[in-house]
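Asker: sequence and predicted model, in that order:
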Amino acid sequence: MIFAVAACAILLTMALTLSRGILGPTTYDRILAVNSFGTKTVLIIAVFGFVTGRPDFLDIAFVYALINFVGTIAVLKFFEYGDLGGARSPDEFDS
């Protein structure tokens, strides 16, 4: 019963986070909302795995958390530098 309440609370916060992602005034607000939504997805996967008695869902949640982290870092790097680190000529480096 308590896990059903926790799942409903997580889904409610996911809806609020989704609204922040849509209405966010800046790009960084939207990126933060997507990262938070991914974190809440990891939580909902873990709760669902516990409720259904499938502990292997925790492995899926960990992989999703890793993908969420790497993806957020990549998007932030892209917005900060304009690329993801392709080949550069030596004159493009800052001295």
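Answerer: Structure's in. What do you need? Numbers count the residues shown, from 1 in each chain.
Asker: pLDDT weak spots in this protein?
Answerer: Low-confidence segments of the chain (pLDDT under 70): 86-95.
Asker: where do the helices sit along the protein?
Answerer: Taking DSSP state H as the criterion, the chain contains helices spanning 2-23, 27-51, 57-81.
Asker: mean neighbour count added to the ones you listed, as JSON lines?
Answerer: No exception for glycine: its C-beta is placed from N, CA and C like everyone else's. Supplementary listing: those in JSON lines, determined by neighbours: other C-beta atoms under 10 Å:
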{"stretch": "helix 2-23", "mean neighbour count": "13"}
{"stretch": "helix 27-51", "mean neighbour count": "17"}
{"stretch": "helix 57-81", "mean neighbour count": "13"}
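Asker: ok, K77 touching G71?
Answerer: No - with contact defined as C-beta atoms under 8 Å, K77 and G71 do not form a contacting pair (10.7 Å).
Asker: separation between F57 and I10?
Answerer: Taking C-beta to C-beta, to the nearest Å as the measure, F57 falls 14 Å from I10.
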